[in-house]
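In: I would like to see how this sequence folds:
(chains A and B)
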Amino acid sequence: MSQLPSKGLSEKKLIAIIAVLIAVVLIASIAVFLSAPQLGEFKLFGEEYVAVIKVKGEISSGSAVGIFGTQGIDQTIELIRKAEKDPLAKAVIIYIDSPGGEAGASEALYYAVAELAEKKPVVAYIEGLGASGAYMAALPANKIIASNSSLVGSIGVYSTVIVVQKLLEKVGVQVYVYKSGELKDIGSPFRNMTSEEARVMQEIVDNLFKVFKARVEKHRGKLPEEVFTGRPFVASEALKLGLIDKIGNFQDALSEARKLAGLPSTAPYKELKPEAPSLFNIFGGGASKALILPKYVILTMWPPPQTVIISP
Amino acid sequence: MDLETGVKRLQYAFISDIAGVVLALILLAFSGALAQAPENLGAVLGVLAVVGVLGLLALILAIVSWIFRVLGWSAICRTGLKKFYCITKWAVLLLPIIAVILFLVGMVYAFQKILATPQFGAPTLEGLGPLIVVAAAAILLTTVASLIEGVALLDLGMIGVNLVLKAGSILYLIATVGGVIWQAVSGGFSLSLTPSSMSAASILTMVLKLVYSGLIIYGLRTLRISIPEAEPPKEVSRVEPVA
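Out: Residues are numbered from 1 along each chain as shown, chains lettered A, B, ... in the order given. Below you'll find the predicted structure:
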């Protein structure tokens, strides 16, 4: 042993170095790991909170970006699923300010909220507009709260067919359509509708309305027929008619959500936001879906609310 | 002779590591070729086959390296120079085994979870929190083994007054600590990291491994050459003549 050039470090020093290195590795790794943004999806430790998901503007299918006031339903549903999976999100507030939108998109949102409500307490909070398809999405919530100045309801379905036949004739454009069946090009903008087509369109709208009405009655019980005329109601009337449970502000909705989830009154809330759209999404396929018009079957408030408001 | 044998085996372990790094670099290049998705199905299958074979070779090399490490530290432990080298032997032997077992158990759990949950679309990370904890524990265990080995190599460098071995082992320790922190970063922030930054980090890690492995091999070689005159002679029990 004495012939070795040096004795090296003592056993104690070696153990101490190892301990320090392990501590450094542990502390640094934990600090980095916990501060990572991706962990929001499967966080193991942290504070329990109320998730807030906003449904704003016209509800459209796909993942359209919001530059035209439309909301791609894919992103909203993705946020709902995220809240559903996050064990720390103990309750969810669906914050609605929307006139409704496409029937399919509204229905997809309704099912997503219904699935969420089976697992966690959900409060729908309407501020501004909670009409038609947007109201349908609010139905499965445990509580529906609307702010005083909100418009709620507009339960119904409509379909618009624009005919440009005469305009095309004026500019010398002729359109030839070859079809396999008489009703294959129903709703075509290039010719006037036949009485048979008008009957079929009305039938489609009536059937969709029946589904909508059944959903309203399933979640809100038997309501007066006035509710199903398609008119919107101010919050106080909506409360009287049983369309909502309470009139209040966002803080009231938050308190209700905390109460339903058994959270303390100091529990925080966190808004879940969709990822910011990239330029590719805006100029590529993402936004284009919002521009496909006309939609044949729409669950939205008509006319748009800004034209309803009459200045004194 | 045990010290010389141990050092020699450690040299072989690090040589296997270098071969593994070279294979990993080739694998990375092939993975890049695969990412470009050649249209010809035959070409895709060919690249996949090469990737599979190289992956298997890399695994074999990793096991060979681990066996040499265990044998090397066992031999050094037998010299009785320091208890710490025996701790190193046990750490190098047991911690990676525990890590692999943990990881396998975690994988089985994850598969069961995925199979038991009806999937509509791509599998999600739902309920896989415990798997993440197990994977993190496995990474930490192998890191602890590497840290102990790094410090033991540093001590060997100090005993042999071997500057190259000391430099190599310090670089080894830095790479180990940096590596585990990088794992945490890439695990947590993978959404915000671009594939090119991930590849750059992988290449940097491999280059670092090549450098410290080279230094350690050279350092161990010079240490081994100096051992015959430095190694303490083993005590021979003398039998007293009985009158």
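
In: which stretches of chain A form helices?
Out: With DSSP state H as the criterion, chain A has helices at A:11-34, A:73-85, A:103-119, A:133-138, A:165-170, A:195-220, A:235-241, A:250-261, A:279-283, A:285-288, A:305-308.

In: give me the below-cutoff pLDDT ranges for the stretch 1-150 of chain A.
Out: Residues of the stretch 1-150 of chain A that meet the criterion pLDDT under 70 lie in A:1-5, A:32-46, A:62-71.

In: roughly how far apart are B:Leu48 and B:Ile60?
Out: Going from B:Leu48 to B:Ile60 by C-beta to C-beta, to the nearest Å gives 19 Å. C-beta coordinates here come from the backbone N, C-alpha and C atoms, glycine included.

In: what's the local residue count around the closest residue to A:Val177 other than its chain neighbours?
Out: Of all residues not flanking A:Val177 in the chain, A:Asp185 sits nearest, at 5.3 Å (C-beta to C-beta, 6 or more residues apart in numbering or on different chains). Counted with other C-beta atoms under 10 Å in any protein chain shown, residues neighbouring A:Asp185 total 15.

In: between the helices of chain A, which one is closest to A:Pro189.
Out: Set against A:Pro189 and scored by C-beta to C-beta, the helices of chain A come closest in helix A:165-170, at 7.7 Å.

In: contacts for that closest one next, please.
Out: A:Gln174, A:Val175, A:Pro189, A:Phe190, A:Arg191, A:Asn192 (C-beta atoms under 8 Å, 6 or more residues apart in numbering or on different chains).

In: dump these into a markdown table; add neighbour count and distance to chain B as well.
Out: A markdown table is the format used below for the contacts of helix A:165-170 (neighbours: other C-beta atoms under 10 Å in any protein chain shown; distance: C-beta to the nearest C-beta, whole Å):
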| residue | neighbour count | distance to chain B |
| --- | --- | --- |
| A:Gln174 | 7 | 44 |
| A:Val175 | 12 | 40 |
| A:Pro189 | 14 | 36 |
| A:Phe190 | 14 | 39 |
| A:Arg191 | 14 | 41 |
| A:Asn192 | 11 | 43 |
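
In: closest to B:Ile159 among these?
Out: B:Ile159 has its nearest neighbour among these in A:Pro189, at 89.8 Å by C-beta to C-beta.

In: hmm, that closest one is touching A:Val161, no?
Out: Yes: at 7.0 Å, A:Pro189 counts as touching A:Val161 under the criterion of C-beta atoms under 8 Å.

In: just for chain B, where's the confidence low?
Out: Scanning chain B for pLDDT under 70 picks out B:31-41, B:113-130, B:185-199, B:228-243.

In: and the strands in it, which stretches?
Out: Read by DSSP state E, chain B holds no strands at all.

In: so, in contact with chain A or not, the top helix by length along it?
Out: Longest helix of chain B, by residue count under DSSP H: helix B:41-78. No: Helix B:41-78 stays out of contact with chain A when judged by C-beta under 8 Å from any C-beta of the partner chain, the minimum separation being 12.2 Å.

In: now for A:Thr266, how many residues are close by?
Out: Residues lying near A:Thr266 (other C-beta under 10 Å) number 7.

In: pLDDT value on it, please?
Out: A:Thr266 carries a pLDDT value of 87.

In: distance of it relative to A:Ile77?
Out: As for A:Thr266, its distance to A:Ile77 is 30 Å (criterion: C-beta to C-beta).

In: swap in A:Pro140?
Out: 14 Å.

In: just put the contacts of helix A:165-170 in a markdown table and tack on pLDDT.
Out: Output for those, formatted as a markdown table (pLDDT from 0 to 100):
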| residue | pLDDT |
| --- | --- |
| A:Gln174 | 86 |
| A:Val175 | 85 |
| A:Pro189 | 84 |
| A:Phe190 | 86 |
| A:Arg191 | 86 |
| A:Asn192 | 87 |
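
In: ok, the residues you listed vs A:Ala261, which is closest?
Out: A:Pro189 (49.7 Å).

In: list the residues that contact A:Val50.
Out: A:89-93, A:254, A:257-258, A:261, A:263, A:267-270.

In: switch to 7 Å and redo it
Out: Taking C-beta atoms under 7 Å, 6 or more residues apart in numbering or on different chains, we find A:Val50 in contact with A:Lys90, A:Ala91, A:Ile93, A:Leu254, A:Ala257, A:Arg258, A:Leu263, A:Ala267, A:Tyr269.

In: ok, the last one - how many residues close by?
Out: So the one you mean is A:Tyr269. With other C-beta under 10 Å as criterion, A:Tyr269 counts 18.

In: okay, it: pLDDT?
Out: 91.

In: bridged to it, which residues?
Out: Note on A:Tyr269: beta-bridge partners by DSSP bridges are A:Val50.

In: for stretch A:274-294, give the mean pLDDT please.
Out: 45.

In: neighbours of residue 141, how many?
Out: In the absence of a named chain, this looks at chain A. Neighbours of A:Ala141 under the rule other C-beta under 10 Å: 25.

In: my question was about chain B, not that one.
Out: Residues lying near B:Leu141 (other C-beta under 10 Å) number 20.

In: does it really touch B:Leu95, like I thought?
Out: Yes: using C-beta atoms under 7 Å, B:Leu141 is in contact with B:Leu95, at 4.6 Å.

In: who touches both of those two?
Out: Shared contacts of B:Leu141 and B:Leu95 (C-beta under 7 Å, 6+ apart): none.

In: if we can go back for a sec, the residue nearest to A:Val177 and A:Arg191, how far apart?
Out: From A:Asp185 over to A:Arg191 the distance is 8 Å, taken as C-beta to C-beta.

In: ok, now A:Ile59?
Out: Going from A:Ile59 to A:Arg191 by C-beta to C-beta gives 30 Å.

In: what of B:Cys77?
Out: Noted for B:Cys77: a distance of 93 Å to A:Arg191, by C-beta to C-beta.

In: one more: B:Ala137?
Out: Taking C-beta to C-beta, one finds B:Ala137 at 70 Å from A:Arg191.

In: equivalent analysis for A:Val161, please.
Out: 11 Å.

In: over to B:Val7?
Out: As judged by C-beta to C-beta, B:Val7 and A:Arg191 stand 92 Å apart.

In: next: B:Val21.
Out: Between B:Val21 and A:Arg191 the computed distance is 72 Å (C-beta to C-beta).

In: my guess is B:Leu27 meets B:Val51, correct?
Out: Yes: B:Leu27 is in contact with B:Val51 according to C-beta under 7 Å; the separation is 6.3 Å.

In: list the contacts of A:Pro224.
Out: A:Leu241.

In: just want the phi and psi numbers for it.
Out: According to degrees, to the nearest 10, the main-chain angles of A:Pro224 amount to phi -60, psi 150.

In: and it, what's its pLDDT?
Out: At A:Pro224, pLDDT is 92.

In: and what of A:Arg231?
Out: Here, the pLDDT recorded for A:Arg231 equals 90.

In: likewise for the one 5 residues further on?
Out: The pLDDT attached to A:Ser236 in the predicted structure is 94.

In: what comes up buried for stretch B:85-96?
Out: By neighbour count on 16 or more other C-beta atoms under 10 Å in any protein chain shown, the buried set for stretch B:85-96 is B:Tyr85, B:Cys86, B:Ile87, B:Thr88, B:Lys89, B:Ala91, B:Val92, B:Leu93, B:Leu95, B:Pro96.

In: just give me the neighbour total for the closest residue to the second one other than its chain neighbours.
Out: Spatially, and ignoring its direct neighbours in sequence, B:Cys86 is nearest to B:Cys77 (4.0 Å; C-beta to C-beta, 6+ apart). Around B:Cys77 there are 20 other residues, counting by other C-beta under 10 Å.
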